[in-house]
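Engineer: Sequence plus predicted model, see below.
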Amino acid sequence: MQNPSIHFPLLSGLSLVVLGLAIIFGASVGLYDVSVDVRADADTLLVGLHPTFLCWMDTRDLFRGMCYGNVMICDESLPAGPQERHKEVIVAHEAQHLKQWRALGPLVWLAQYFLPLEPEYVYWDDPEATVSTMWDPPSSLPPVWTFVTITAER
């Protein structure tokens with residue numbers, strides 16, 4: 001085995017900038033998920049690490065949720081009570097966009113004209129129903145973008 005190489009794409013760096021800005025502007029940040037992709041053939045071992053972060057902050061009604069790369073920013077100012085379920089819908093919606101980012105990388109901006117990246121309708125009482133109308137990348141599709149990739153060759 002040769003020394004492993006580490007690939008940290010520009011999009012990952014930009015995601016860290018977005019995360020840093022969210023922290024500077026007072027977001028409460030947590031690790032939402034970590035995905036590990038392992039692919040191997042006779043000569044190469046590829047390990048992709050993809051953490052995703054959930055940031056809650058007062059967006060002052062500019063938006064309810066948004067994502068960039070592997071960072072979700074959601075509005076914490078939704079009132080408690082019946083609208084508490086709205087937070088679940090927003091997080092599920094943005095988490096689906098993160099899956100789309102991994103599958104398409106920056107091509108996600110172009111894909112919005114060809115694929116149903118947004119839901120047909122937002123079901124505020126049912127996160128799964130909202131996400132079910134959004135494009136779901138097939139599991140057979142390898143990710144275009146991974147936060148960091150470690151490659152080891154024979």
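Structural biologist: On my side now, so go ahead.
Engineer: drop to CA atoms for contacts and neighbour counts, all remaining ones
Structural biologist: Noted.
Engineer: Taking the centroid of the protein, which residue is nearest it?
Structural biologist: Leu98 (2.3 Å; CA atoms, centre = their mean).
Engineer: can you give me the helices in the protein?
Structural biologist: Applying DSSP state H to the chain gives helices spanning 10-24, 84-104, 108-111, 127-132.
Engineer: got a list of contacts for stretch 52-67?
Structural biologist: 19, 22, 25-34, 70-77, 90-91, 94, 97-98 (CA atoms under 8 Å, 6 or more residues apart in numbering).
Engineer: Kindly provide the distance from Ala22 to Cys74.
Structural biologist: As judged by CA to CA, to the nearest Å, Ala22 and Cys74 stand 10 Å apart.
Engineer: ah, wrong one, I meant Met66
Structural biologist: Distance of Met66 to Cys74, given as CA to CA: 7 Å.
Engineer: the more surrounded of those two?
Structural biologist: It is Cys74, of Met66 and Cys74, that has more neighbours when counted by other CA atoms under 10 Å, with 23 against 18.
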